[in-house]
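Peer 1: Sequence plus predicted model, see below.
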Amino acid sequence: GKSEGRNVYRFFEPGMDALMRERRALEVELEAALPKREFELDFQPILNIGSGAIVGAEALMRWRSPARGLVSPENFIPVAEETGLIVQLGDWALRKACNVAASWPPDMRMAVNVSAAQIKSGGFARSVISALAFSRLPAERLELEITETVMMDESDAVLKTLSQLRGLGVRIALDDFGTGYSSLGYLRRFPVDKIKIDRSFIRDLDKRDTAAIVRTVIGLGLELGITVTAEGVETEAQLDMLRKAGCGEAQGYLIGVPTKASDIGGLLRSQALL
Ligand code: C2E
Ligand code: CA
Ligand code: CA
Ligand code: CA
């Protein structure tokens, strides 16, 4: 079986063994990093294209490891997902993000990424409700970003959880839209408030076919009454095209890079005064 195969690798390939040791070390460090408060959230602003106003931000996790330096979520989230640590880590992020958002002007929304393992862990709805209660953030200002992997299995339980949260006013965004196997199928089955077009499409907006796909997704959103957000907007030309296509929101380095809470808080407050 599978475990036998693993033993065979271990036995015959010393290189593989070193890799596994390094991986195990990473797991142990990650586990210890949470009580040591080594995780941080940065916040990236989200633009309402029509009004030109910043309408909120997405919380993006970072690990400031004394040994490894600043570690990208791409390198530690998958490990945290496999070990199950993501349930605690995600809960921390949710609480932290809600607390930060509660200090923002009253119409600013906070988007938080949620892993499949968190929703499947059982206590997810309770976690969200508790984070909202402690921070006093109105549910309408919280947006949960989920990917298709959340919807892939145990879909009845997931559907129930998402519907419950939506009933409270929490918004659900379908992240990385277009990268999965059956985005449209999930869109039909799961109630979502927002689609986030993956940045790989925005990067290739100057290609005719990609532009056609993006325009079609925007049209789909308009027809379904779902907000469409374009991720990874880096150039004025991209923003222009998205505006002409009727895209609702944009996020990306052109609008703003992820920044720490104190900086984005200032930005949001100064805008609220305008
Ligand atoms: P994502 O949810 O798709 O987040 C967007 C990523 O694109 C972020 O990378 C962001 O910094 C980056 N980005 C934003 N604008 C631009 C742009 O104009 N150009 C380019 N090239 N990149 C841009 P980051 O922060 O490294 O996060 C990577 C992924 O890690 C996220 O992708 C998300 O899937 C995951 N992640 C981050 N924070 C959390 C978290 O708190 N919980 C969970 N479960 N996953 C998280
Ligand atoms: Ca996201
Ligand atoms: Ca995304
Ligand atoms: Ca992504």
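Peer 2: Yep, that arrived. Treat the numbers as computed from the prediction; the structure is a model and nothing was measured. Ligands and ions are numbered 1, 2, ... in the order given.

Peer 1: distance between the ends of stretch 47-57?
Peer 2: End-to-end distance for stretch 47-57, by Cα to Cα, to the nearest Å: 9 Å.

Peer 1: Return the set of buried residues in it.
Peer 2: Within stretch 47-57, the residues that count as buried by 16 or more other Cβ atoms under 10 Å are 47, 49, 54-57. Glycine gets a C-beta too; all of them are placed from N, C-alpha and C.

Peer 1: just how off-centre is it within its chain?
Peer 2: Computed by Cα atoms, centre = their mean, to the nearest Å, the chain-centroid distance of stretch 47-57 equals 18 Å.

Peer 1: for this protein, what's the longest helix?
Peer 2: Among the segments of the chain that qualify as a helix by DSSP state H, the longest is helix 14-33.

Peer 1: Distance from it to the middle of the chain?
Peer 2: Helix 14-33 sits 26 Å away from the centroid of its parent chain (Cα atoms, centre = their mean).

Peer 1: mean confidence score for the strand ranked longest in the chain?
Peer 2: As assigned by DSSP state E, the longest strand anywhere in the chain is strand 53-65. When pLDDT is averaged over strand 53-65, the result is 97.

Peer 1: Which elements pack onto that strand?
Peer 2: If contacts are counted by 3 or more Cβ pairs under 8 Å, 6 or more residues apart in numbering; DSSP states H and E, strand 53-65 sits against helix 14-33, strand 39-48, strand 69-71, helix 73-83, helix 86-102, strand 109-113, helix 261-272.

Peer 1: most neighbours per residue, which of the ones you listed?
Peer 2: Across the helices and strands packed on strand 53-65, averaging neighbours per residue (mean count of other Cβ atoms under 10 Å) puts strand 109-113 on top, at a mean of 23.

Peer 1: Send over that one as CSV, restricted to the C-alpha atoms.
Peer 2: Output of strand 109-113 as CSV, limited to C-alpha atoms (Å, rounded to 0.1, in the frame of the first residue of the first chain):
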residue,chain,number,x,y,z
ARG,A,109,-15.3,45.5,4.2
MET,A,110,-12.7,42.9,5.2
ALA,A,111,-12.0,39.8,3.1
VAL,A,112,-10.5,36.8,4.8
ASN,A,113,-9.2,33.7,3.1
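
Peer 1: the inter-axis angle of that strand versus strand 39-48?
Peer 2: 130 degrees (axes from the mean of the first three to the mean of the last three Cα atoms, to 10 degrees).

Peer 1: Let me see the ranges of the helices in the stretch 151-274 of the chain.
Peer 2: For the stretch 151-274 of the chain, helices defined by DSSP state H, counting those that start in this stretch occupy the ranges 155-168, 183-189, 199-203, 208-224, 236-244, 261-272.

Peer 1: roughly how far apart are Lys244 and Ala237?
Peer 2: For Lys244, the distance to Ala237 (Cβ to Cβ, to the nearest Å) stands at 11 Å.

Peer 1: meant to ask about Arg68, not that
Peer 2: To Ala237, Arg68 is 37 Å away according to Cβ to Cβ.

Peer 1: Next: Lys196.
Peer 2: Distance from Lys196 to Ala237, by Cβ to Cβ: 20 Å.

Peer 1: With Leu168 instead?
Peer 2: Note on Leu168: its distance to Ala237, by Cβ to Cβ, is 40 Å.

Peer 1: which parts of the stretch 51-200 of the chain sit against ligand 2?
Peer 2: 113, 145, 175 (Cβ under 5 Å from the ion).
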